[in-house]
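# how would this look folded up:
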Amino acid sequence: MRTVLAPDRPPDRRAAFGAPCPACRLPVRAGRLVCTSCGCLIPVEAAAGRFRRSVRILAAVAAGRLLALRGEALVWIMALVPLLVGPPLAAAALAVMRHRRDARAGPFPTWLLVVAGANIVLSLAMWSVLSVEILQQIQAGWQGLRDLLIPSQRVPVFRYA
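Numbering: from 1, shown residues only. So this is what the prediction gives:
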């Protein structure tokens with residue numbers, strides 16, 4: 001027996017929809033750029049999702065490679081991190097604790113402590129200089145915002161000789 005479809009049969013509703021919205025996961029009609037339920041831009045949200053996934057993958061790969069390093073290499077990397085005080089301090093503490101735990105492992109890590117100490121001193125010096133500059137920029141920005149929002153009562157008068 002042959003089955004004949006009626007010509008007035010409505011089209012399949014699922015075929016009209018494409019992929020779900022990346023933000024709200026509701027179905028969106030194929031070819032739409034804006035989600036009708038949440039109002040997000042679908043290409044932008046899709047690109048942001050791909051970016052977040054790639055950052056997560058890169059972070060996992062970097063963490064795996066750092067954990068695969070030997071202890072001494074990781075401590076040297078931490079000692080050389082610029083602009084931060086925490087990693088060189090942690091590197092110095094780890095080196096001293098490792099030496100106290102196992103003194104037979106090698107000589108005392110004096111060069112590591114010297115490098116970490118110099119990095120700490122230079123980082124603190126740079127942050128002291130940068131803090132003054134940052135505070136001046138914040139004050140100038142606050143003054144400009146205040147002048148923009150609260151107009152001054154004084155009107156500048158230019159006098160020509």
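
# Using the record's assignment, carve this protein into domains.
According to automatic domain parsing, the chain is divided into the following domains: 14-68, 70-161.

# can you list the ones you listed in JSON lines and add mean neighbour count and mean pLDDT?
No exception for glycine: its C-beta is placed from N, CA and C like everyone else's. Output for these, formatted as JSON lines (neighbours: other Cβ atoms under 10 Å; pLDDT from 0 to 100):
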{"stretch": "domain 14-68", "mean neighbour count": "12", "mean pLDDT": "84"}
{"stretch": "domain 70-161", "mean neighbour count": "12", "mean pLDDT": "80"}
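
# Mind giving me the packing neighbours of the lengthiest helix in the chain?
Criterion DSSP state H: the longest helix present in the chain is helix 110-149. In terms of contacts (3 or more Cβ pairs under 8 Å, 6 or more residues apart in numbering; DSSP states H and E), helix 110-149 is packed against helix 71-79, helix 86-101.

# what's the closest of these to Cys21?
helix 86-101 (40.7 Å; Cβ to Cβ).

# Next, the residues that contact the closest one from outside, please.
With contact meaning Cβ atoms under 8 Å, 6 or more residues apart in numbering, helix 86-101 is reached by 71, 75-76, 78-81, 105-106, 108-109, 112-113, 115-117, 119-120, 123.

# Dump that helix to PDB, keeping only the CA atoms.
C-alpha atoms of helix 86-101 as PDB (Å, rounded to 0.1, in the frame of the first residue of the first chain):
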ATOM      1  CA  GLY A  86      54.300  36.500  46.300                       C
ATOM      2  CA  PRO A  87      56.000  34.000  43.900                       C
ATOM      3  CA  PRO A  88      59.600  35.000  44.800                       C
ATOM      4  CA  LEU A  89      58.700  34.800  48.500                       C
ATOM      5  CA  ALA A  90      57.200  31.400  47.900                       C
ATOM      6  CA  ALA A  91      60.200  30.300  45.900                       C
ATOM      7  CA  ALA A  92      62.600  31.300  48.700                       C
ATOM      8  CA  ALA A  93      60.400  29.600  51.400                       C
ATOM      9  CA  LEU A  94      60.200  26.400  49.300                       C
ATOM     10  CA  ALA A  95      63.900  26.400  48.700                       C
ATOM     11  CA  VAL A  96      64.700  26.800  52.500                       C
ATOM     12  CA  MET A  97      62.100  24.200  53.500                       C
ATOM     13  CA  ARG A  98      63.400  21.700  51.000                       C
ATOM     14  CA  HIS A  99      67.000  22.300  52.100                       C
ATOM     15  CA  ARG A 100      66.000  21.800  55.800                       C
ATOM     16  CA  ARG A 101      64.000  18.700  55.000                       C
END
